[in-house]
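Asks: My questions concern the predicted model and sequence given below.
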Amino acid sequence: MELKDKKVLIVGLARTGVAVARFLVRAGAQVTVTDMAEEEALAESLAALADLEIGYELGRHVPYSFLMADLIVVSPGVPMDIKPLVMARAQKRRVVSEVELASWFITAPMVAITGTNGKTTTTTLTGEIFRACGLSTFVGGNIGNPLIELASSGEQVERVVVELSSFQLEGVESFRPQVAVLLNLTEDHLDRYASFQEYIDAKLRIFQNQGPEDFAVLNMDDPLVAGCAGRLAARVFPMSRLAELAEGISYRDGFITFAHRGRVLRFGTEGFRLKGVHNLDNIMASLAATLLMRCDGDCAYAAVSSFKGLPHRMEFVAEIDGVAWYEDSKGTNVGSVVKSLESFDSGITLIAGGKDKGGSYQPLAPLVAERVSHLVLIGEARERMNEALGGLTDTYLAASLEDAVECARRRTEPGGVVLFSPACSSFDMFKNYEERAERFKALVRGAQGKGRA
């Protein structure tokens, strides 16, 4: 789309909205930004755009602006079903996400990664492998920098790796990655979607524009992911931690095997610094994506072997009086916590809870009954979690995160593990999962030397 002199409406002024606005103004568009937040709450974003000629409609959405726009760009945090957007689409206004807009101006080969869990680790590791193999690489999307920042910079890169949320995928039209990865599908964001199927459909949009020369990397251990294989136009490249594959990438007896059109590579996993069963999936997905795009096996293996993982995802905090404390604040949904619990055999004190997202907690029940010695619940969701899980093990409803850490310190026996993996978002008590994580780690460090008495 030619942007010069076009009327473009940006819906949502967070970091992505700011980046989109700067790009569009430079492209010669007539830009208006609308956000339901008031000017005071948006002061930081407004300051970042103070040097640009932009119209603002704050504290409200003006229907006329939606109907008169040539293009509407929606930030990830804005639901696509709000009334002004529904009305605009009914009147044939063009409504896209920032990722879609950015893709019009990016020519480098792209890997796009989605799934309920593991996206950020897989995206980061994929970028690390490309760079280790000597390829200039942009990593962004739902992680770090918005994709539009690459288009705005004019930087010429050899590879692009983009993490995509279901929200971002709702607004794609022609977006087409050379390799698209779907890691898993479990209930999430049911506070935003009318049904689990609606959430799945949003995720599957990552494949909608791929052709037979593109690749779809699918985790065949997940029945919902495997079930979509027959509907895709791209070449399906399967991955499995549970079954050996003659064609694809799979794990057995301490080795990952990549097999594609006669090219077979084997990677021993013993020296990997990234631990946990869920991370085997993430590693296999990263290796599949990069090796399919012709990376050298040796440099890929070196990058994986040296990768430590990300903050706030199964991060070891400290060992205190024989108890290991792990911070997993990025575990914001049930499927993520299932993977985290699978990483320990028994003796777990699980601290969970936060803002409820509307999904079922029942998938946690078998692991809680089998492996969790103590369950400590916090936040808005604690009562509903207690109803679903409280009868399965020793359970305590804490008044705060401070109370939860103190309870875990007193109850966990030496040799046990305290795992902070909330299965909920943070917004009832904290600004984001990072702030929640840092608060937990500070409390753990403050518990050193207190003992269990």
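Replies: That came through, no problem.

Asks: V264: how many residues sit nearby?
Replies: Residue crowding around V264 was assessed by other C-beta atoms under 10 Å; the count is 11. Yep, even glycine has a C-beta here, placed from its N, CA and C like the rest.

Asks: Check which helices and strands the strand or helix carrying it is in contact with.
Replies: Per DSSP states H and E: V264 is located in strand 263-268. Counting contacts by 3 or more C-beta pairs under 8 Å, 6 or more residues apart in numbering; DSSP states H and E, strand 263-268 is packed against strand 255-260, helix 297-306.

Asks: let's see it at 6 Å
Replies: strand 255-260 (3 or more C-beta pairs under 6 Å, 6 or more residues apart in numbering; DSSP states H and E).

Asks: Mind listing residues that contact the strand it packs on?
Replies: Residues outside strand 255-260 that contact it (C-beta atoms under 6 Å, 6 or more residues apart in numbering): E247, I249, S250, L265, R266, F267, G268, M284, L291.

Asks: Give me the buried subset of these.
Replies: Applying 16 or more other C-beta atoms under 10 Å to those, the neighbour count classes I249, S250, L265, F267, M284, L291 as buried.

Asks: just to revisit the earlier point, quick check: what element follows the strand holding V264 along the chain?
Replies: Assigned by DSSP H and E, the successor of strand 263-268 is helix 277-292.

Asks: Okay, angle between that next one and strand 255-260 too, please.
Replies: Calculated by axes from the mean of the first three to the mean of the last three C-alpha atoms, to 10 degrees, helix 277-292 forms an angle of 30 degrees with strand 255-260.

Asks: Give the buried residues for helix 277-292.
Replies: 278-292.

Asks: That one - contacts with which helices or strands?
Replies: Partner elements for helix 277-292 (3+ C-beta pairs under 6 Å, 6+ apart): helix 119-132, strand 179-182, strand 215-219, strand 235-240, strand 248-252, helix 297-306.

Asks: Which residues does that helix contact?
Replies: If you take C-beta under 6 Å, 6+ apart as the criterion, helix 277-292 is touched by 111, 118, 121-122, 125-126, 129-130, 179, 181, 183, 215, 217, 237, 239, 241, 249, 251, 256, 258, 300, 304, 339, 342.

Asks: Now the buried members of those.
Replies: Buried members of the contacts of helix 277-292, scored by 16+ other C-beta under 10 Å, are 111, 118, 121-122, 125-126, 129-130, 179, 181, 183, 215, 217, 237, 239, 241, 249, 251, 256, 258, 300, 304, 339.

Asks: where in this protein is pLDDT low?
Replies: Residues of the chain meeting the criterion pLDDT under 70: 449, 451-453.

Asks: quick one on the thing from earlier: is it possible to export the contacts of strand 255-260 to CSV including distance to I54?
Replies: Output for the contacts of strand 255-260, formatted as CSV (distance: C-beta to C-beta, whole Å):
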residue, distance to I54
E247, 51
I249, 46
S250, 51
L265, 51
R266, 55
F267, 50
G268, 54
M284, 44
L291, 44
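
Asks: Out of those, which is nearest to S195?
Replies: Nearest to S195 among those, counting by C-beta to C-beta, is M284 at 29.9 Å.

Asks: how far away is the closest one from M220?
Replies: As judged by C-beta to C-beta, to the nearest Å, M284 and M220 stand 11 Å apart.

Asks: Give me the common contacts of these two.
Replies: Joint contacts of M284 and M220 (C-beta under 6 Å, 6+ apart) do not exist.

Asks: in stretch 32-43, what counts as buried?
Replies: T32, V33, T34, D35, L42.

Asks: any idea how far the fourth one is from V99?
Replies: Separation of D35 from V99 (C-beta to C-beta): 19 Å.

Asks: one step back: pairing partners for the strand holding V264, with directions?
Replies: Strand 263-268 pairs in its sheet with strand 255-260 (antiparallel), by DSSP bridges.

Asks: Now do the partner strand: distance to the chain's middle.
Replies: On the basis of C-alpha atoms, centre = their mean, to the nearest Å, strand 255-260 sits 25 Å off its chain's mean C-alpha point.

Asks: Tabulate the CA atom coordinates of that strand in PDB.
Replies: The C-alpha trace of strand 255-260 is given here as PDB (Å, rounded to 0.1, in the frame of the first residue of the first chain):
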ATOM      1  CA  PHE A 255      20.300 -37.200  21.100                       C
ATOM      2  CA  ILE A 256      18.300 -34.900  18.800                       C
ATOM      3  CA  THR A 257      18.200 -36.100  15.200                       C
ATOM      4  CA  PHE A 258      17.500 -33.700  12.200                       C
ATOM      5  CA  ALA A 259      16.600 -35.600   9.000                       C
ATOM      6  CA  HIS A 260      15.600 -33.800   5.800                       C
END
